[in-house]
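Engineer: A structural model of the following input is requested.
(chains A and B)
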Protein chains: 2
Amino acid sequence: MPTTPHVEKHFTSTEAVRDVVIGMSDGLTVPFALAAGLTGAIAASSVIVTAGLAEVAAGSIAMGLGGYLAARGDAEHYHSELAREHQEIRDEPEKEMAEVSHVLQEYGMAPDEAAILVERIRHRPEDWVRFMMRFELGLEEPNPHRVYKSAFTIGISYLVGGMIPLLPYFFVAQAQVGLLWSAGITAIALLVFGGVKGKATGTNAARSAIQTLLVGGVAATIAFLVARAFSHGG
Amino acid sequence: MPTTPHVEKHFTSTEAVRDVVIGMSDGLTVPFALAAGLTGAIAASSVIVTAGLAEVAAGSIAMGLGGYLAARGDAEHYHSELAREHQEIRDEPEKEMAEVSHVLQEYGMAPDEAAILVERIRHRPEDWVRFMMRFELGLEEPNPHRVYKSAFTIGISYLVGGMIPLLPYFFVAQAQVGLLWSAGITAIALLVFGGVKGKATGTNAARSAIQTLLVGGVAATIAFLVARAFSHGG
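Structural biologist: Numbering: from 1, shown residues only, chains lettered A, B, ... in the order given. Predicted coordinates for the structure are as follows:
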């Protein structure tokens, strides 16, 4: 589909940023919260390292493969809707023509002017269906290269994010000491990540930094309390 | 924005299904894989229950709050792009008029016919900007009610999904025995979930079931191997 460079710029950055955000925000939050939670119940860092690495491995694969399947699902959804629209313009052309006219009139075209485009587009089924897909259903044809790239970006972002809160536990034997260091560096990482995310998506960087820190903090606190409650006050 | 019931049906089901899929596919996969991984390193079910519950608590909050912030981020992104388009039609009206014409011509309208709509729409900045948002940038105005609903749906789906693989560990003392039961009921849950997901998104249910099972299996196997390797062959 021909697009202006302007459009292209918008979309590419949004999609890549979104994938990094998806992977890294969970990666920085869940392994940190799990480690913090286990510290509420278990004294030895070694168990926390084992659990943390298992979580990071599971999470990055689940999110990466999950991202791959989600992107492939989007592509399949697009193609099944495409087939359905093709059938609809064959079976109920009047209804579909009315829908094209309806969309155009929403944007200020007069019925007789809309009729000119409807009359032209009905002779080219490919353009007609593409119009319905984009303007009625809001579906863009997915980029097949995105499927792998998206999966890889999400998985790696989770892995990188997840290793940050675990690092201190490698170097100290006492989990409680590890937690203090982990909380410190993870808080910094969450603030930096939140700030960069805010900048990249064009929102307030400082507010985004604080919000991101808050999510990590709340998740870790709840995980800590749950783990402590279920370890019988260990 | 007025929409036909046809459109409404498409979108509502897609978004709610997507939220359940996001939450439950990770919920069924990561806690299962974590528990399986820990079983490769730790013999007592009680530690696995503690770690698993901490993970489910952390994951459902991180995903729910993360979903909330992502949805709010989308809304903010929409409004910042909206402000930008308002500025562009003030500062460079000719360029933006050419872009409206370009979009319409892509769908088979002749330049002189496109000029009629351009001439009409340029006198109504609100419709003009809405046209650019939807047809040039592919952005729909986000539904503010979706923000809370989406967050809640994702979080609860993760929680429900995550409790399934953990259940057996509550009832058996030996982690290895728990793992066998956990693998069995999680495999069934992944197959059912994958099948329902496939049906809901209009793709092949059997293939979706197998794919979903595969993601869970691969994630759990890698987590198992990582945890075993880092627990010094425990």
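
Engineer: Can you tell me the SS state at A:Glu140?
Structural biologist: coil (DSSP: H, G, I helix; E, B strand; the rest coil).

Engineer: quick one, phi/psi of it?
Structural biologist: phi -100, psi 150 (degrees, to the nearest 10).

Engineer: tally of neighbours for the nearest residue to it once chain neighbours are set aside?
Structural biologist: Sequence neighbours aside, B:Gly138 is the residue nearest to A:Glu140 in space, at 5.9 Å (criterion: CB to CB, 6 or more residues apart in numbering or on different chains). (C-beta placed from N, C-alpha, C; glycine too.) By the criterion of other CB atoms under 10 Å in any protein chain shown, B:Gly138 has 16 neighbours.

Engineer: give the contact list for A:Val103.
Structural biologist: A:131, A:135-136 (CB atoms under 8 Å, 6 or more residues apart in numbering or on different chains).

Engineer: 10 Å instead, please
Structural biologist: By CB atoms under 10 Å, 6 or more residues apart in numbering or on different chains, the residues touching A:Val103 are A:109, A:114, A:117, A:131-132, A:134-136, B:4, B:7, B:134-135.

Engineer: Now name the helix or strand holding it.
Structural biologist: helix A:93-106 (DSSP states H and E).

Engineer: Next, the angle from that helix to helix B:93-106.
Structural biologist: 180 degrees (axes from the mean of the first three to the mean of the last three CA atoms, to 10 degrees).

Engineer: confidence score at A:Pro168?
Structural biologist: We have a pLDDT of 95 for A:Pro168.

Engineer: Spell out which residues make up each domain of chain A.
Structural biologist: Per the record, chain A has its domains at A:15-65+A:145-233, A:77-136, by automatic domain parsing.

Engineer: next helix or strand past the helix or strand hosting A:Met163?
Structural biologist: For A:Met163, the element it lies in under DSSP H and E is helix A:144-171. Proceeding N to C from helix A:144-171, the next assigned helix or strand is helix A:175-200, under DSSP H and E.

Engineer: Buried residues of that next one, list them for me.
Structural biologist: Of all the residues in helix A:175-200, those buried under the rule 16 or more other CB atoms under 10 Å in any protein chain shown are A:175, A:178-179, A:182-183, A:186-187, A:189-191, A:193-198, A:200.

Engineer: what's the angle between the helix or strand just after it and helix B:144-171?
Structural biologist: Where DSSP H and E defines the elements, the next helix or strand beyond helix A:175-200 is helix A:205-230. Put simply, helix A:205-230 runs at 30 degrees to helix B:144-171, going by the same axes, to 10 degrees.

Engineer: quick one: buried residues of helix A:205-230?
Structural biologist: A:205, A:208-209, A:211-213, A:215-224, A:226-228, A:230.

Engineer: and these near chain B, which?
Structural biologist: Contacts with chain B within those, as defined by CB under 10 Å from any CB of the partner chain: A:208, A:211-212, A:215-216, A:218-224, A:226-228, A:230.

Engineer: okay, the domains of chain A, which one's buried deepest?
Structural biologist: Stretch with highest mean neighbour count among the domains of chain A: domain A:15-65+A:145-233 (a mean of 22; mean count of other CB atoms under 10 Å in any protein chain shown).

Engineer: Is chain B within reach of the longest helix seen in chain A?
Structural biologist: Taking DSSP state H as the criterion, chain A has its longest helix at helix A:45-91. Yes: residues of helix A:45-91 are located near chain B by CB under 10 Å from any CB, namely A:46-66, A:68-70, A:72-77, A:79-81, A:83-84, A:88.

Engineer: Quick check: mean pLDDT of that helix?
Structural biologist: 87.

Engineer: Helix B:205-230 and that helix, what's the angle between them?
Structural biologist: Using the same axes, to 10 degrees, helix A:45-91 lies at 160 degrees relative to helix B:205-230.

Engineer: okay, the angle between helix A:45-91 and helix B:175-200?
Structural biologist: 20 degrees.

Engineer: if we can go back for a sec, in a markdown table: the contacts of A:Val103, plus pLDDT.
Structural biologist: Shown next, in a markdown table, are those (pLDDT from 0 to 100):
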| residue | pLDDT |
| --- | --- |
| A:Met109 | 72 |
| A:Ala114 | 83 |
| A:Leu117 | 78 |
| A:Phe131 | 83 |
| A:Met132 | 85 |
| A:Arg134 | 79 |
| A:Phe135 | 76 |
| A:Glu136 | 78 |
| B:Thr4 | 37 |
| B:Val7 | 39 |
| B:Arg134 | 79 |
| B:Phe135 | 77 |
